[in-house]
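Enquirer: A predicted structure for the sequence below; I have some questions about it.
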Amino acid sequence: MPFSFGRVNEASEDYLQKERRFNYTTPKSFLELIYLYRNMLAKERNTLLANIDRLSNGLDKLEKTSKDVAILEEEIKVKSVEVEAAKANADEIAEKVGGEKTKVEEAASSANDEAAKCAVIAEKAGIMQVDCERDLAAAIPAVEKAEAALDTLNKKDLGELKSLGKPPQGVDDVTAAVLAIRGEPAKNRDWNAAKNMMKDVNKFIDELKGIKTIVDNSQMPAKNVEGARPYLELEHVKNVDIMRKKSNAAAGLCEFLLNIVVYYDIVVTVEPKRQALKTAQDELAAANTKLAEVQAYVKDLEEKLAILVAEFDKVVAEKNRVVAEGERLTNKLGLAQRLMAALGSEQERWKINVAKMKSDSVYLPGDVLLAASFVSYVGCFNKTFRDLLINQTMIPFMLKNAIPMSDNADPLKLLADPAVVAEWNSQGLPADRVSLENGVISSISERWPLMIDPQLQGIVWVKEKESHNNLQLTRLNNKKLLSVMEQALEQGWSVMIENLQESLDAVLAPIIGRQKIKKGRNFFVKVGDKEVEYHPKFKLYLHTKLANPHYPPEIQAECTLINFMVTEDGLEDQLLAKVVSKERPDLEEEKSFLIQQQNEFKIKLKELEDGLLKQLAEAEGDITENIELIESLEDAKRLSTDINEKVIIAQETEVKINEAREEYRGVANRGALLFFALGELFKVHSFYHYSLSAFTSVFLRAIDWAGRRYVGAPIHVPKQLELCQGKNAFQKFRTMQLLLRAGAKGLIGTDDDKGPGKPSTQKELDLPARLKDLVSSITYQ
């Protein structure tokens, strides 16, 4: 570090002698270098380790997937054998189940037939039962009346009746009917037989009550009823009221007889039906017995079938499990192969990158030291002095002292990857080496950049670069400068103070010097008489249009001076684009499109790779089963491949376009040479300053006038030279340039088509001649 500090001091003195430009280094500059080196080394080391971890994680998962593929292939072979065995076992049991199922179906069919027969018999028996019950229901009133009549009999009435020597007329007909019902022959139905029948009143009543049971059991002989029927047809017997006038007991017996005969008649009518019902019920019982046997047989078969089905279901479930497992392994293998197909090509490249990063970590201290010195010291120098300091001074010293450093160490490669450079180019930063170095310095420097930008190239880039951060443009003479600074500091916006002269307002010193005050967790900066909270995203850019400003050491100690003046190579490329856009607008339009496309491709490829690694890093569990992740990685890789193919096509197209554009390189080279030749005149006198915009206007006009004839009034050369006598050197130069421009080809005359004083539109169609005209026109315009 002391060595670089001393050599920069020497280079600054040489710079002043040769270029008439001032650069100062101070002790604070040296301290800032130490601070920058420490921060940059920590940042680059963390970034390098993070990239190594990220790539290593991706490699580990790819290597694991690669191993899983081989394991899965073996597992699938084993599983396929298990699947076939499971299928064979399932088919065997399925055949048994099919046989038993047929038996069960046949037995079930037989049971269904029996059940149908039982249903028919049951339906028939039911109808019979209903019919019998309906008829018997009709007999119930008669029975009830008969039983009620018996209830009216009592010992007293019967005792009185049997005590009569001669009963009232008609009473003996009633007792004769009772004797007939009891089965007594006609000769034994007189009154004495009747009295003998009623001798034991209680037994007599019980015998009468038992007649219903006899009828119910079909034990009543028909001749008994038929023997009683003639008596019951008698008027005085049919009419109970008549009999009641003669004897209550006889009336009760009369009513009993009449109703029991009615009941008998009904029961006799129902009996065949009851017999038929009994037969039907017997048939039903037999059918039900047979049905129960068949159902028991079916149940037994079904239980056996259920056991087989359960076994079959178990075997099928096992088969399905094995098949599902086989399919899962096959799908997993397919996904693993898809993952390897998608990222296999990246694996080797990532391995190389990881190995390179690990080797780079050894050289990181030396590379960062060179980069920190580069950022801290060389921003104010032009390309010649930058190369002198870096390539001819610092690098040889580090190699001589065995400081670990990469081969062909380049601060630009360390501090800005291609994607970042492409983004800067798309934002308007010229693609030449010095401009890219300026972009790196302004982005990395710990101190705020102070841009020497007379051609306004840097400010255009910064405006686009910081547009997303609400860039505030202001000047020192702006009345609202402090309020703008306050708001930007609090909100984290970017600020550019443009059009600076050679001094800065002291009120901005705390901001420019980053004099932060910590209060709690926050930082504050003094703005005027206020303390404003300092947002970490705040950025400050200082900008001057002065071509050769002289900033004192105290300002250069607080800022990083960056020379954004156009370089000859950069200007040559810009002028080449302008001349081609005039002469071959189709080529320049396609070239601009390709540059923009290439920049976008580089940015997109970087984003895709970061996305791939991020998805791999965040993936949890077995990634070979994460379909969404693999499909996402495939899409990203497919897009990456498509972009790479487009990049190759674009590069081939760009080569062809560049070959066509290079035809005009001599024209651009002459223009850049003239501009820098004119720019060197400021060393003669400060009067000679030329802006790039004015030069560009003349350059474009020269292209428009190339190959055209001057048809104005003739110029008398001697007279013009006489007029220049006694004038200053600039006036003589101007006069000679006018003479050269008018008579470069001796084409003094008139143009009938265009009239006097107007340029001719006659153009050479031959390209070599056209290029010669362009060079001549630019030289003498």
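Expert: Noted; the coordinates are in hand.
Enquirer: On the three-state scheme, residue 543 is what?
Expert: With DSSP: H, G, I helix; E, B strand; the rest coil as the basis, residue 543 sits in strand.
Enquirer: List the beta-bridge partners for it.
Expert: For residue 543, the beta-bridge partners under DSSP bridges are residue 451.
Enquirer: Look up how far residue 559 lies from it.
Expert: Counting by C-beta to C-beta, to the nearest Å, the separation of residue 543 from residue 559 is 11 Å. (C-beta placed from N, C-alpha, C; glycine too.)
Enquirer: now residue 30
Expert: To residue 559, residue 30 is 15 Å away according to C-beta to C-beta.
Enquirer: Between residue 543 and residue 559, which contacts overlap?
Expert: Residues touching both residue 543 and residue 559 (C-beta atoms under 8 Å, 6 or more residues apart in numbering) are residue 450.
Enquirer: Counting neighbours, what do you get for residue 42?
Expert: 11 (other C-beta atoms under 10 Å).
Enquirer: for the one 3 residues further on, same thing?
Expert: Applying other C-beta under 10 Å, we find 14 residues neighbouring residue 45.
Enquirer: helix or strand for it, which one?
Expert: Assigned by DSSP states H and E, residue 45 belongs to helix 27-152.
Enquirer: helices or strands up against that helix?
Expert: Contact here means 3 or more C-beta pairs under 8 Å, 6 or more residues apart in numbering; DSSP states H and E; on that basis helix 27-152 packs against helix 2-19, helix 201-216, helix 248-377, helix 553-558, helix 585-618.
Enquirer: what about the strands in the stretch 351-500 of the chain?
Expert: 448-452, 472-474, 494-497 (DSSP state E, counting those that start in this stretch).
Enquirer: Mind checking what secondary structure the closest residue to residue 552 other than its chain neighbours has?
Expert: Once flanking residues are discounted, residue 552 sits nearest to residue 24: 7.5 Å by C-beta to C-beta, 6 or more residues apart in numbering. For residue 24, the assignment made with three-state DSSP gives coil.
Enquirer: residues in contact with residue 24?
Expert: With contact taken as C-beta under 8 Å, 6+ apart, residue 24 is in contact with 12, 551-553, 556-557.
Enquirer: For those, which single residue is the most surrounded?
Expert: Ranked by neighbour count (other C-beta under 10 Å), the contacts of residue 24 have residue 551 at the top, with 25 neighbours.
Enquirer: Pretty sure that one sits in a helix.
Expert: No: assessed with three-state DSSP, residue 551 is coil; it does not lie in a helix.
Enquirer: any idea how far residue 116 is from it?
Expert: Residue 551 sits 117 Å away from residue 116, going by C-beta to C-beta.
Enquirer: In three-state terms, label residue 526 for me.
Expert: For residue 526, the assignment made with three-state DSSP gives strand.
Enquirer: quick one: it and residue 517 touch, right?
Expert: Yes: using C-beta atoms under 8 Å, residue 526 is in contact with residue 517, at 7.3 Å.
Enquirer: more neighbours, these two?
Expert: Ranked by neighbour count (other C-beta under 10 Å), residue 526 and residue 517 place residue 526 first, with 15 against 12.
Enquirer: In contact with the more buried one, which residues?
Expert: By C-beta under 8 Å, 6+ apart, the contact set of residue 526 is 510, 515, 517, 532.
Enquirer: hey, what's it bridged with?
Expert: Beta-bridge partners, per DSSP bridges, of residue 526: residue 531.
Enquirer: center of this protein - which residue?
Expert: Using C-alpha atoms, centre = their mean, the residue of the chain that lies closest to the mean C-alpha position is residue 628, 8.2 Å off.
Enquirer: still on that earlier bit, which one of the helices and strands packed on helix 27-152 lies nearest to residue 238?
Expert: Among these, the nearest to residue 238 by C-beta to C-beta is helix 248-377 (7.1 Å).
Enquirer: between that closest one and helix 27-152, how many degrees?
Expert: Interaxial angle, helix 248-377 versus helix 27-152 (axes from the mean of the first three to the mean of the last three C-alpha atoms, to 10 degrees): 180 degrees.
Enquirer: just how off-centre is helix 248-377 within its chain?
Expert: Remark: helix 248-377 is offset 35 Å from the chain centroid, using C-alpha atoms, centre = their mean, to the nearest Å.
Enquirer: does residue 503 count as helix, strand or coil?
Expert: At residue 503, secondary structure determined by three-state DSSP is coil.
Enquirer: how many other residues sit next to it?
Expert: Residues lying near residue 503 (other C-beta under 10 Å) number 11.
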